[in-house]
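[1] Would you be able to build a 3D model of this:
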Amino acid sequence: MKTDNPSAHTTRRAIPAMSLLAGAMLLSSGTAQAQELPSSMMWGAYDVGSSGYAEASAIADAFGREFGTRVRIQPSGSAIGRLQPLVNGRTDYAFLATEAFFASEGTYDFADRSWGPQDLRALGGRPASGGLVTAADANIRQISDVEGKRVAYVAGNPSINIKLDAMLAFAGLTRDDVDAITFPTYAAAMSSLSEGRSDATFTVTTPSQMYELAESPRGIHWVEIPPDDEDGWGNMSQVAPIFSPFEESVGAGLSEENSVNMVAYRYPMVVTRSDLSDDEAYAFIKAIDEAYNLYKDATAVMYRWEIDLFGTPPLDVPFHDGAIRYLEEKGIWTDEHQVWNDERKVRLESLIAAWDDAMEEGGELSDDDFSALWEERRNSALKNAN
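    The predicted model follows:
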């Protein structure tokens, strides 16, 4: 895919990104403390109607009421559409999902020569849960039982597919060990379980298709992902170092009495560029925290924006130093968090260096040959980083 993104080096060339506004000090309304927020901001988000857009809108409204900052939200239905304004400085922050990981890794849409690994940073992310869901009659009681079973993937949806690959990796499996079936849409993949066309997939707990599966003759079963299986979590981290243990009790087939250990990932995450100043990042996450009471009831999951949930790893890209400074002041950031962040930065820096080498070496190669070269260089960089 070709875009008008100038290059993978864009985020490393210190785009100003409205930095002239960063020093504006505004007095908040009511009794709120003064914040170093600009008078206006532009954020990126998923399409209107998505949970990410709804949550960004609730926080934007709170920023306006608490700090007098006017926020415009630029929605987009594509990963490129959300990332391109951010790396080009047209948006200040973006409320993203797994595309932040893909952009930092230089994979899928971002493996194109005009992209490559992007030097992104996060201010935090709201935990979202998901897991390996199966039809109860498939007799998949632990992840290893999925070997040889029909597993539903989604065409053109790397966000779902990489999470499913990570689930398989937990048990030392790959797509080659299952009957991987690709469905044309997310809805078709989710419905395929109740329709008897697949046995397992990865999803969140609340889609309508999961409730249909629970009521169908096949029944529903969420596979336990043991939080204390260090080898399994290590294997999963090799595929996608974005998950943490999470016990879920809300969703199809779940209740307070029937909770299941799954995984947490972050959606949405507040993502920015690495060249954003520490003071800007600090002011933004502080505002997220101080405005919390104004938006915490906006949706059923907004309580997960509380700073001690929002401001901890792992997530898809490293935390910004300015955000870490605030989290340290709040007593939330730990030595273990810093170790995670340092290792995540080493991985990202290794990929950026490998991309630069691939671009220099493969300048005259065809797109297909360059893709093969980049995959080789990427795998080598990850091996060395780990």
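
[2] taking the mean pLDDT, what do you get for the one helix or strand Ala56 maps to?
    Taking DSSP states H and E as the criterion, Ala56 maps to helix 51-67. What helix 51-67 shows for mean pLDDT is 96.

[3] Touching that helix from outside, list them.
    Applying C-beta atoms under 8 Å, 6 or more residues apart in numbering, the external contacts of helix 51-67 come out as 26, 28-30, 32, 35, 37, 41, 43, 45-47, 69-71, 73, 75, 95-97, 126, 267-268, 287-288, 290-291, 294-295, 298-299, 301-302, 305. Just so you know, the C-beta spots here come from the backbone N, C-alpha and C atoms, and that holds for glycine as well.

[4] are any of those buried, and which?
    Buried subset of these (neighbour count, 16 or more other C-beta atoms under 10 Å): 28, 32, 35, 37, 41, 43, 45-46, 69, 71, 73, 75, 95-97, 126, 267-268, 287-288, 290-291, 294-295, 298, 301-302, 305.

[5] Among those, which lie within helices?
    Using DSSP state H, the subset of the buried ones among the contacts of helix 51-67 located in helices is Ala287, Ile288, Glu290, Leu294, Tyr295.

[6] Quick check: Gly125 vs Glu55, distance?
    Gly125 sits 11 Å away from Glu55 when distances are taken as C-beta to C-beta, to the nearest Å.

[7] what do you get for Ala323?
    18 Å.

[8] With neighbour numbers in mind, choose between the two.
    Ala323 (27 against 23; other C-beta atoms under 10 Å).

[9] that's a helix at that one, yeah?
    Yes: applying DSSP: H, G, I helix; E, B strand; the rest coil, one finds Ala323 inside a helix.

[10] what's near enough to touch it?
    So Ala323 contacts Arg121, Ala122, Leu123, Gly124, Ala281, Tyr282, Phe284, Ile285, Gly311 (C-beta under 8 Å, 6+ apart).

[11] Could I get the pLDDT score of it?
    Ala323 is given a pLDDT of 98.

[12] Then Ala240?
    Model confidence at Ala240 (pLDDT) stands at 90.

[13] Identify the spatial nearest neighbour of it, chain neighbours not counted.
    Ala166 (4.6 Å; C-beta to C-beta, 6 or more residues apart in numbering).

[14] Glu215: which of the ones in helices among the buried ones among the contacts of helix 51-67 is nearest?
    Using C-beta to C-beta, the shortest approach to Glu215 within those belongs to Tyr295, at 34.3 Å.

[15] which other residues reach stretch 175-193?
    Contacts of stretch 175-193 (C-beta under 8 Å, 6+ apart): 133-135, 146-155, 157, 160, 165, 168, 197-201, 203, 207, 209-210, 212-213, 218.
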